[in-house]
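*Asks:* structure for the following, please:
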Amino acid sequence: MDIGEARDKIEHVIVLMLENRSFDHVLGSLSLREGRGDLDGLREEAQHGNFDASDHLYEVHPLAGNIHYGDRARRFRPDPPHGSEAVRMQIGRHMDGFVRAYQLARPDEPYPQSVLGYLTRAEQPITYALADNFVVCDRWFAAVPTGTIPNRMYSMAGHAQGYVDNPEPTSFFGVEGLETIFDYLPRHDGLTPGTGWRLYAQALSILHMFTAPGAALRHQRNIRAFARDVRENRLPKLSWLEPRYSWAEHLVPEYPGNDDHPPSDVMEGQRLIRAVVQTLFDNPAVWARSLLVITYDEHGGFYDHVKPPPIHSDERPTPSRFDDGFRQRGPRVPAILVSPFTQRRQAYHGIMDHCSILKFLTAWLDVPLAQPRVHSRHIDSVADAIPAGAPAAAAPPRLPPLPRAARGAPMAAMWGASAARAPAAGTEPRLDPNDDMVRLYRKTVEELRRRDPDGLSEVEQTVHDDGGI
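*Replies:* Numbers count the residues shown, from 1 in each chain. Now for the predicted structure:
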């Protein structure tokens, strides 16, 4: 689909970026177990293996019911390494260093082969249903071979200010201000906050770490406002959704992270995806002109068999002080485009990364963002994965139900727990009021209350059986 057709057909673009899972880890079993030969996923288990430090060969394997999940069936403990040094080892010469990198980071871990494990439809019912009905991009790579913060910066700004790893905790909230796509949008007619674009985050956003976070946080709303805006036909042209990050779940411990970052329960992520998608499905007028991009910031240390392509000399960030020195993209991550204009059970093989989102948005909205990665000839735009001239689907598919244990659990209460789920007296977690994250959380809660008092009449957000938020 070219940009002209996209402007004619698509009125709403929604971006949901989750955390720390590789393509083979999440979607690889579609080819291995379900015969999706059109996808470049896992093949025979014996074809995918890694040696450990003692030259013992391990093969990929299903994780369902595996002891390596720890105390909950769908959790993965501990978190695999995914900083720049670990990713360099994981990629190696032939994507052969995942087990060794895990051993080096966690020498006491008895099951280092766990990073070769893959999920199946049983653990990913919503993601697999979307793969059955929409387009899977099986050449979508992380922007850079490192962790969360640089990759999310690339997705919003086209560069990471030269950061090669996540900031240290002591400087986590003191990162230099970053100009993102949200700072460019208000400079153009018709792209005002609320009607042109909106950041929806479950209290804390990645942008909170910046000293001058810019326009996005000044107009942030809670994700419940996203559902309301869809229902009331007030959805802006661009909606950027952030999950409830597991690194902040201690602030409201009865509501665990739903970002899919280990050790979060992956079913929490499935509930979030289902709620967002079903909310769009439930308003035919909005759904008929929408494109939802679901992807992950980086691979999280989990195995993938496709070696990332290079970052070319004409893609390096400008000015030169922003050049992070990376010359290769990060491993593949899951990416699914959900829209009435995509074809059912479609696979797209063009090379993409997080800047493919910006490449599309800047053209679709006619907004200049002068970063080489955003306009790179070496990656495709999101629009390239949508067939030209495709008619809109008559009706959205029916999403499968979630497992019974996951259906009725609360989805988010980022401004406080409801009375029904409040901890018993004397058992509340002790939070240091001087902790930077605690102070930031409380400040954000108060700000969200001030901006959207009507949205706080129902404190607890629940994914019902019908999938609504």
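*Asks:* tell me if I'm right that residue 94 and residue 307 touch.
*Replies:* Yes: the criterion here is Cβ atoms under 8 Å, and residue 94 meets it with residue 307 at 7.2 Å. For every residue, glycine as well, the C-beta is placed using N, CA and C.
*Asks:* residues near the nearest residue to residue 339 once chain neighbours are set aside, how many?
*Replies:* The shortest distance from residue 339 to any non-neighbouring residue, by Cβ to Cβ, 6 or more residues apart in numbering, is to residue 291 (4.3 Å). When counting by other Cβ atoms under 10 Å, one arrives at 25 neighbours for residue 291.
*Asks:* can you tell me the SS state at residue 291?
*Replies:* The local conformation at residue 291, judged by DSSP: H, G, I helix; E, B strand; the rest coil, is strand.
*Asks:* quick revisit: who's more crowded, residue 94 and residue 307?
*Replies:* residue 307 (16 against 9).
*Asks:* residues contacting the more buried one?
*Replies:* 91, 94, 95 (Cβ atoms under 8 Å, 6 or more residues apart in numbering).
*Asks:* need these in JSON lines with distance to residue 230, pLDDT and secondary structure, can you?
*Replies:* JSON lines is the format used below for the contacts of residue 307 (distance: Cβ to Cβ, whole Å; pLDDT from 0 to 100; DSSP: H, G, I helix; E, B strand; the rest coil):
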{"residue": "91", "distance to residue 230": "40", "pLDDT": "97", "secondary structure": "helix"}
{"residue": "94", "distance to residue 230": "45", "pLDDT": "94", "secondary structure": "coil"}
{"residue": "95", "distance to residue 230": "40", "pLDDT": "96", "secondary structure": "coil"}
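*Asks:* what is the neighbour count of the closest residue to residue 338 other than its chain neighbours?
*Replies:* Closest residue to residue 338 apart from its sequence neighbours, by Cβ to Cβ, 6+ apart: residue 292 at 4.1 Å. As a burial measure, residue 292 scores 22 neighbours (other Cβ under 10 Å).
*Asks:* give me the pLDDT for residue 292.
*Replies:* Residue 292 carries a pLDDT value of 99.
*Asks:* quick check: bridge partners of it?
*Replies:* residue 14, residue 338 (DSSP bridges).
*Asks:* is it true that it touches residue 16?
*Replies:* Yes: taking contacts as Cβ under 8 Å, residue 292 lies within contact range of residue 16: 6.9 Å.
*Asks:* which residues are common contacts for these two?
*Replies:* Contact criterion Cβ under 8 Å, 6+ apart; residues shared by residue 292 and residue 16: residue 276.
*Asks:* what sits against the nearest residue to residue 149 once chain neighbours are set aside?
*Replies:* With sequence-adjacent residues excluded and distances taken as Cβ to Cβ, 6+ apart, residue 149 is closest to residue 166, at 4.5 Å. Counting by Cβ under 8 Å, 6+ apart, residue 166 touches 83, 146, 147, 148, 149, 150.
*Asks:* the residue nearest to residue 339 is in contact with residue 11, isn't it?
*Replies:* No: using Cβ under 8 Å as the test, residue 291 is too far from residue 11 to be in contact (9.2 Å).
*Asks:* name the nearest residue to residue 37, ignoring sequence neighbours.
*Replies:* residue 31 (6.4 Å).
*Asks:* what lies in contact with the strand or helix carrying the one you found?
*Replies:* According to DSSP states H and E, residue 31 maps onto helix 29-32. Helix 29-32 is contacted from outside by 36-37, 39-45, 62, 118-121, 128, 131, 136, using Cβ under 8 Å, 6+ apart.
*Asks:* could you do stretch 336-347 as well?
*Replies:* 1, 9-10, 36, 38-39, 127, 130-138, 277, 280, 287-288, 290-295, 348, 382, 385-387, 390, 392-393, 396.
*Asks:* filter these to the buried ones?
*Replies:* Buried members of the contacts of stretch 336-347, scored by 16 or more other Cβ atoms under 10 Å, are 1, 9-10, 36, 39, 127, 130-138, 277, 280, 287-288, 290-295, 348, 382, 385-386, 390, 393, 396.
*Asks:* return the subset of these lying in strands.
*Replies:* Per DSSP state E, strands hold the following members of the buried ones among the contacts of stretch 336-347: 135, 136, 137, 290, 291, 292, 293, 294, 295, 348.
*Asks:* and these as CSV, adding distance to residue 443?
*Replies:* Shown next, in CSV, are those (distance: Cβ to Cβ, whole Å):
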residue, distance to residue 443
135, 40
136, 39
137, 37
290, 33
291, 33
292, 30
293, 30
294, 30
295, 29
348, 42
